[in-house]
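S.K.: I need the structure of the sequence given here:
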Amino acid sequence: MRFAIRLRPRHPLAWSALVAVAALVLTPIASLLAIGWRGDPELWPHLAAYVLPDALVTTLMLLAGIAALTTLIGVGTAWLVAVHDFPGRRFVVWLLPLPLAFPTYIVAYVYADTLDTLGPVQTGLRWLVGIDRPSGSMLPEMRSLGGAVVVMSLVLYPYVYLAMRAMLQARSAVLVEAARLLGAGAWRIARDITLPMARPALAAGLALVLMESLNDIGATEYLGVRTLTLAVFTTWLNRGSLAGAAQIACVMLLAVAALIVLERHARRGRSVAPSSTDSRDCRRIPLTGMSGALALAACLLPVVLGFAVPFVFLLREVMVRGLLVGFDPDLVRHVGSTVTLAAAATVLTLALGFGVAFAVRLVRRPAAGGLLG
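M.R.: All right, here's what the predicted structure looks like:
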């Protein structure tokens, strides 16, 4: 026997849940706006004239560079593993998300130390070309805007990769096979069918990448990139002005709002769900020989640079410095606290996410989705 449950369009408990979650989200924002509004009126002209312009331009350049590089790496690797079949594909599918295991500032420390003038890479290069003493850097400076773009992109590209791979795997087999029957090649199918259909996934992945980049302070500070986030930190602690820091943070809120608007605009009228009438999986294009080897190398390169190099460097530091001999027992306690906090935050996030999604479905009003959007 089938039981049909009719959901009431206006559910009071659902509305209460939505309002409660919205209040939790809006309370710190309202507090930030209030602190900024009550700020010293003499400080804001100084920030607007000498701090904000450079920090804003640097932040925009950083976000633009990260967006371009993460799109290249994330879309490229997702397209290779989702659309093609090559030796080692099943192996790299699970390796590609590994760079997310490292915080961006750890990877920044590793590359700044490794590629420094007196680091092992440049020391080896000088030995190869027969230079006895260091006479300037032989490689581009890592402590720069370009270095920050590369380092942060190597860590954050999995956001784009995971979203794009899920979408590409759910692409319509009917459209792809029809295009093949009409004589379209792999590149034209990717350009005209596959990638346009995956645009919502790309927008969602890039939004996560850019918000994570905007929020970062460890890597950018260490690499000498003065972003808006670093300006908030220095204004609060170095200048002792919480109100000034709040005013800069309000500018960052505008940047976050712009990212959300752009993400929604990029996926407007598009659905990330596959068609219910087309449940077949697309046949992957086999790559063998040199093509397969190049595809495998292209997928392994970001894993090596974003995960293997930092992992080997840190493991070497542990062995060389004898950290295993002088093992601090407090480390176990810190690991337990970290895992507990992460698990609790994950459970709470999932509960709020599923609860809000179910409440929006119960209410069935456009205002309900906009309340938390």
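S.K.: contact partners of stretch 45-57?
M.R.: For stretch 45-57, the external contacting residues (Cβ atoms under 8 Å, 6 or more residues apart in numbering) are Arg226, Thr227, Leu228, Leu230, Ala231, Thr235, Gly244, Gln247, Ile248, Val251. Bear in mind the C-beta positions are built from the backbone N, C-alpha and C, glycine included.
S.K.: so where do the strands sit in the stretch 151-300 of the chain?
M.R.: With DSSP state E, counting those that start in this stretch, the ranges of strands along the stretch 151-300 of the chain come out as 285-286.
S.K.: so what's the residue count around Gln122?
M.R.: A total of 19 residues lie near Gln122 under the criterion other Cβ atoms under 10 Å.
S.K.: if you could redo that for Leu287, that was the one I meant.
M.R.: Neighbours of Leu287 (other Cβ under 10 Å): 19.
S.K.: show me what contacts it?
M.R.: Applying Cβ under 8 Å, 6+ apart, the residues near Leu287 are His84, Asp85, Phe86, Ala295.
S.K.: where does the residue lying closest to the last one once chain neighbours are set aside land on pLDDT?
M.R.: Excluding its sequence neighbours, the residue lying closest to Ala295 (Cβ to Cβ, 6 or more residues apart in numbering) is Phe86, at 4.5 Å. The predicted structure scores Phe86 at 91 on the pLDDT scale.
S.K.: so Phe86 touches Leu296, yeah?
M.R.: Yes - the pair Phe86 and Leu296 passes the contact test of Cβ atoms under 8 Å, sitting 5.9 Å apart.
S.K.: which of these two has more neighbours?
M.R.: Using other Cβ under 10 Å as the criterion, Phe86 and Leu296 rank with Phe86 on top: 22 against 18.
S.K.: can you give me phi and psi for that one?
M.R.: With angles defined as degrees, to the nearest 10, Phe86 sits at phi -150, psi 160.
S.K.: for it, give its distance to Met211.
M.R.: As judged by Cβ to Cβ, to the nearest Å, Phe86 and Met211 stand 33 Å apart.
S.K.: same deal with Trp127?
M.R.: Distance, Trp127 to Met211, by Cβ to Cβ: 43 Å.
S.K.: list the contacts for the residue nearest to Pro120 when sequence neighbours are not counted?
M.R.: Excluding the flanking residues, the one nearest Pro120 by Cβ to Cβ, 6+ apart is Thr114, at 6.3 Å. Contacts for Thr114 (Cβ under 8 Å, 6+ apart) come out as Pro120, Val121, Val309, Phe313.
S.K.: Pro286: which of those is nearest?
M.R.: Pro286 lies nearest to Val309 out of the contacts of Thr114, by Cβ to Cβ, at 30.9 Å.
S.K.: show me where the stretch 101-250 of the chain has helices.
M.R.: Remark: helices assigned in the stretch 101-250 of the chain by DSSP state H, counting those that start in this stretch are 104-114, 120-129, 145-169, 173-181, 186-189, 195-197, 199-215, 218-222, 228-237, 242-266.
S.K.: export those helices as CSV, with columns for distance to Gly336 and mean pLDDT.
M.R.: Shown next, in CSV, are the helices of the stretch 101-250 of the chain (distance: least, Cβ to Cβ, whole Å; pLDDT from 0 to 100):
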stretch, distance to Gly336, mean pLDDT
helix 104-114, 20, 92
helix 120-129, 35, 77
helix 145-169, 25, 92
helix 173-181, 47, 65
helix 186-189, 49, 69
helix 195-197, 44, 73
helix 199-215, 26, 87
helix 218-222, 23, 90
helix 228-237, 29, 85
helix 242-266, 33, 81
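S.K.: any chance of those helices in TSV, with distance to Trp37 too?
M.R.: Listed next are the helices of the stretch 101-250 of the chain as TSV, based on distance: least, Cβ to Cβ, whole Å:
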stretch	distance to Trp37
helix 104-114	32
helix 120-129	50
helix 145-169	32
helix 173-181	52
helix 186-189	54
helix 195-197	44
helix 199-215	22
helix 218-222	27
helix 228-237	16
helix 242-266	9
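S.K.: which one of these lies closest to Pro302?
M.R.: Taking the helices of the stretch 101-250 of the chain one by one with Cβ to Cβ, helix 145-169 is closest: 6.2 Å.
S.K.: just the buried residues of the closest one, please?
M.R.: Neighbour-count burial for helix 145-169, counted by 16 or more other Cβ atoms under 10 Å, picks out 145, 147-165, 167-168.
S.K.: show me what that helix is packed against.
M.R.: Taking 3 or more Cβ pairs under 8 Å, 6 or more residues apart in numbering; DSSP states H and E as contact, the helices and strands that helix 145-169 lies on are helix 52-83, helix 104-114, helix 199-215, helix 218-222.
S.K.: angle of it against helix 199-215?
M.R.: 150 degrees (axes from the mean of the first three to the mean of the last three Cα atoms, to 10 degrees).
S.K.: now the angle from helix 145-169 to helix 52-83?
M.R.: Using the same axes, to 10 degrees: helix 145-169 against helix 52-83 is 40 degrees.
S.K.: tilt between helix 145-169 and helix 104-114?
M.R.: Using the same axes, to 10 degrees: helix 145-169 against helix 104-114 is 130 degrees.
S.K.: off-centre distance for helix 145-169?
M.R.: 6 Å (Cα atoms, centre = their mean, to the nearest Å).
S.K.: thank you kindly, that will do.
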